[in-house]
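1. got a sequence here, can you model it:
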Amino acid sequence: MDLEEKWEKALSQTEVVRSRAAHLNAFEASEIPYIFLAESTVNIPDTVVRKGKILLHQPAIILPQNMPLFEGFEFEQDYQASTDTIKTFLYIRGVSFPSLKYKHEFSQLDIYEDPLKKAKEYFKRELERVEDVHTGLIIGSEDCWQFSLLIYAGILISKFFPSDLKKLWERFKDKK
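-> Coordinates of the predicted model:
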């Protein structure tokens, strides 16, 4: 399956079950923890559970507009594509990310020994039980998890953009 097919698959199968409720940090690094669920292609009907976080922050160097840096998403390993190829691929399709550094930090890969539907309800209830407003719950396909996580990050950035813009304006006014 090529990049185009993986991207289309991620677009059609990514479901944000529970989004982060807490705002992203407008002036500091943000951690975006997630739980990603996918039907197992090896142990049917089990569910693959991927837990991790995406660090979102300003890079140390100034980047041109819409030139993000992606690290740790395993594009080279899984797709035999460099991060520059992925950026170009997305840009050509009209998908642009702010010029931030998106660093994926993987922490755990596990199997939930029930179908996806039961796993979805279990993790949703668990996040609600502990009142976790930071962790997102995403469903997608096991073979294009990277694109699903980028879609999720993009959704969060656009969701919080109006309030971030207001914070930037207030900071600008305060410096006058």
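
2. center of this structure - which residue?
-> residue 149 (2.8 Å; Cα atoms, centre = their mean).

3. checking my notes, it in a helix, right?
-> Yes. Assessed with DSSP: H, G, I helix; E, B strand; the rest coil, residue 149 lies in a helix.

4. Three-state assignment for residue 21, please.
-> coil.

5. got any ranges where this protein has weak pLDDT?
-> 1, 26-27, 58-66, 160-176 (pLDDT under 70).

6. from residue 50, how far out is residue 7?
-> Going from residue 7 to residue 50 by Cβ to Cβ, to the nearest Å gives 19 Å. (Each C-beta comes from the backbone N, C-alpha and C, glycine too.)

7. do the same with residue 118
-> Per Cβ to Cβ, residue 118 is found 17 Å from residue 50.

8. more crowded one of these two?
-> Neighbour comparison, residue 118 and residue 50: the larger count goes to residue 50, with 20 against 13 (by other Cβ atoms under 10 Å).

9. what about the strands in this structure?
-> Using DSSP state E, the strands of the chain run over residues 15-18, 30-39, 47-57, 69-71, 101-112, 136-139.

10. returning to that earlier point: contacts only, for the residue nearest to the centre of the chain.
-> By Cβ atoms under 8 Å, 6 or more residues apart in numbering, the residues touching residue 149 are 34, 36, 54, 73, 104, 138.

11. identify the farthest-apart pair in those residues.
-> 73 and 138 (14.2 Å; Cβ to Cβ).

12. just give the number of residues close to residue 18.
-> By other Cβ under 10 Å, neighbour count at residue 18 equals 18.

13. if we ignore the residues flanking it in sequence, what's nearest it?
-> Nearest in space to residue 18, with sequence neighbours left out and distances taken as Cβ to Cβ, 6 or more residues apart in numbering, is residue 137 at 4.0 Å.

14. correct me if wrong: the one you found contacts residue 124.
-> Yes. Taking contacts as Cβ atoms under 8 Å, residue 137 lies within contact range of residue 124: 5.9 Å.

15. settle it for me: which of the two has more neighbours?
-> Per other Cβ under 10 Å, whichever of residue 137 and residue 124 has more neighbours is residue 137, with 23 against 15.

16. beta partners for the more buried one?
-> Beta bridges link residue 137 to residue 18, residue 35 when assigned by DSSP bridges.

17. for it, what are its contacts?
-> 16, 17, 18, 34, 35, 37, 120, 123, 124, 127.

18. out of the residues you listed, which end up buried?
-> 16, 18, 34, 35, 37, 120, 123, 127 (16 or more other Cβ atoms under 10 Å).
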